[in-house]
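Colleague: give me coordinates for this.
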Amino acid sequence: MFQPVSFFIGLRYSRSQNRSGFISFITFFSIAGILLGVASLITVVSVMNGFEGELKKRILGLVPHIVLGAENPQQLSWQKTRQQLLTREHVVQVTPFMESEAFIQSPSSLQFVMLHGILPEYEHNNIIASHIVSGSLSSLNEQAYSIVIGQSLAGTLGVRVGDKLRVVLPNKMMFTPMGRVPVQRTFTIGAIFNVGSQVDNSLAYVHGKYGAKLLKRKGDGINQLRVYLGDAFIAGNVASEIVKSSPEYQLTTWSDSQGSLFSAVKMEKNMMWLMLSLIIAVAAFNIVSALVMVVIDKQAEIGILQTLGMARFDIVKIFITQGMVNGVWGTLLGGLLGVVLTLNLNDIISVLGINVLGQGYANQALPILLQPIDVVTIVLSALAMSFVATLYPAFRASKTLPAEVLRNE
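Modeller: Got it, this is the predicted structure:
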């Protein structure tokens with residue numbers, strides 16, 4: 001089979017057994033370093049993608065992507081506005097609600113929460129409805145002054161379905177013979193949900209009409225709409241379009257409350273990319289050391305090839321080929337190992353009995369999202385680093401002067 005002479009000689013040099021043990025040692029560790037770096041980067045990035053995906057599902061599935069509101073419920077004709085919003089591009093769901101700060105008191109504890117008054121008939125696709133672990137969301141319709149809380153909050157308060165809780169509104173006062181006291185009311189726990197995020201400890205749901213009575217509002221008391229999009233990360237653009245057409249409304253997006261959390265996750269992911277990429281870079285530049293020593297060792301052969309008429313660029317290609325063989329082996333084996341390790345990571349953790357998430361988690365399975373684009377990017381980046389590492393030794397080899405080298409031969 002025909003092979004360019006530079007490529008043929010480069011492959012012969014890479015397979016040569018007549019090299020010093022030290023060169024072979026450096027070559028082995030450059031391949032091993034690239035292999036481990038690529039495998040580690042694929043595995044860690046896949047786990048970070050999984051955590052980011054879980055974060056999006058659990059938090060952005062619960063926190064509204066856009067909140068449209070008005071100070072006075074009479075200013076918001078929410079039924080009409082809801083229908084208008086549903087006709088917009090990217091809008092998937094719109095649900096009415098009211099919101100107020102509140103304290104929830106049980107016989108043993110007191111906890112601050114955000115109290116949401118909702119209409120259960122609009123919440124069938126809400127992530128809360130699909131994560132009820134005890135009771136039913138329909139209890140808000142079936143039982144007067146029923147409340148739905150998170151499992152974490154229920155554990156903090158020491159309560160369960162059917163128990164009584166006192167809801168206190170610190171910002172609403174009423175006059176009694178004892179003076180001004182906060183508005184309060186006893187509610188019965190109708191359901192408990194578990195989304196598995198921080199909101200489990202900070203949100204509580206009641207029926208809108210009972211929330212309106214508690215807040216002394218007329219009608220259903222609805223003064224806000226939650227807007228859910230197909231892609232939460234375009235919330236800013238959609239909100240801008242809504243403001244242009246309806247400037248009388250007040251709009252906030254999920255990034256106002258949760259943006260810092262996702263920014264921290266993104267920064268952590270980028271730092272992991274950087275650190276593990278540096279491992280690959282260090283391993284790739286071991287190729288420089290190995291190739292420089294090969295160039296010194298092969299001075300006579302380089303001089304002979306130049307004497308026979310080989311151009312300097314062909315000499316460059318010989319040593320680029322030799323260096324890239326090491327890079328390709330390390331990258332491909334690392335890519336294969338990384339994919340296999342990622343796909344079987346939870347099984348490996350289970351077999352080894354490693355407690356990754358801490359004692360508080362019964363399920364130790366890591367969320368993993370292996371994206372082909374990440375694997376391709378990592379492999380191509382490792383190959384690019386390997387190629388850059390070959391340039392200096394190859395250029396140095398091309399500068400060899402045949403007369404100087406062959407003078408003492």
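Colleague: helices along the stretch 301-409 of the chain, start to end?
Modeller: For the stretch 301-409 of the chain, the helices defined by DSSP state H, counting those that start in this stretch cover 312-343, 345-352, 372-398, 402-406.
Colleague: between those helices, which one is nearest to Ala235?
Modeller: Closest of the helices of the stretch 301-409 of the chain to Ala235 is helix 372-398, at 23.8 Å (criterion: CB to CB). Every C-beta, even on glycine, is put in place using the N, C-alpha and C of the backbone.
Colleague: could I get the contacting residues of Leu341?
Modeller: Contacts for Leu341 (CB atoms under 8 Å, 6 or more residues apart in numbering) come out as 39, 42-43, 348.
Colleague: for the closest residue to Ala102 other than its chain neighbours, name its beta-bridge partners.
Modeller: Counting by CB to CB, 6 or more residues apart in numbering, Ala102 lies nearest to Leu115, which is 4.0 Å off, once chain neighbours are set aside. Beta bridges link Leu115 to Ser100, Ala204, judged by DSSP bridges.
Colleague: so Leu115 makes contact with Glu99?
Modeller: Yes - if you go by CB atoms under 8 Å, Leu115 and Glu99 touch, sitting 7.1 Å apart.
Colleague: so which of those two has more stuff around it?
Modeller: Leu115 (23 against 18; other CB atoms under 10 Å).
Colleague: just the helices from the protein, written as ranges.
Modeller: Using DSSP state H, the helices found in the chain span residues 5-15, 21-59, 78-86, 139-142, 151-157, 208-214, 235-245, 254-284, 286-297, 299-307, 312-343, 345-352, 372-398, 402-406.
Colleague: tabulate the ones you listed (a markdown table), appending mean pLDDT.
Modeller: Converted to a markdown table, the helices of the chain look like this (pLDDT from 0 to 100):
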| stretch | mean pLDDT |
| --- | --- |
| helix 5-15 | 61 |
| helix 21-59 | 77 |
| helix 78-86 | 82 |
| helix 139-142 | 84 |
| helix 151-157 | 87 |
| helix 208-214 | 85 |
| helix 235-245 | 81 |
| helix 254-284 | 75 |
| helix 286-297 | 72 |
| helix 299-307 | 67 |
| helix 312-343 | 82 |
| helix 345-352 | 78 |
| helix 372-398 | 83 |
| helix 402-406 | 61 |
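Colleague: got the ones you listed as JSON lines, with distance to Asn171 columns?
Modeller: Shown next, in JSON lines, are those (distance: least, CB to CB, whole Å):
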{"stretch": "helix 5-15", "distance to Asn171": "75"}
{"stretch": "helix 21-59", "distance to Asn171": "26"}
{"stretch": "helix 78-86", "distance to Asn171": "22"}
{"stretch": "helix 139-142", "distance to Asn171": "23"}
{"stretch": "helix 151-157", "distance to Asn171": "20"}
{"stretch": "helix 208-214", "distance to Asn171": "12"}
{"stretch": "helix 235-245", "distance to Asn171": "27"}
{"stretch": "helix 254-284", "distance to Asn171": "19"}
{"stretch": "helix 286-297", "distance to Asn171": "65"}
{"stretch": "helix 299-307", "distance to Asn171": "83"}
{"stretch": "helix 312-343", "distance to Asn171": "50"}
{"stretch": "helix 345-352", "distance to Asn171": "47"}
{"stretch": "helix 372-398", "distance to Asn171": "47"}
{"stretch": "helix 402-406", "distance to Asn171": "88"}
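Colleague: which one of those lies closest to Glu123?
Modeller: Closest to Glu123 of the helices of the chain is helix 139-142 (CB to CB; 8.9 Å).
Colleague: what about the closest one, distance to the chain center?
Modeller: 36 Å (CA atoms, centre = their mean, to the nearest Å).
Colleague: tell me the buried residues in it?
Modeller: 139-140 (16 or more other CB atoms under 10 Å).
Colleague: got the contact list for the most centrally placed residue in the chain?
Modeller: Closest to where the C-alpha atoms of the chain average out (CA atoms, centre = their mean) is Glu52, at 2.1 Å. By CB under 8 Å, 6+ apart, the contact list for Glu52 reads 265-266, 269, 369.
Colleague: so what's the residue count around Ser202?
Modeller: Residues lying near Ser202 (other CB under 10 Å) number 14.
Colleague: please read the previous query as pertaining to Ser277.
Modeller: 17.
Colleague: spit out the contact partners of it.
Modeller: Ser277 touches 37, 41, 381, counting by CB under 8 Å, 6+ apart.
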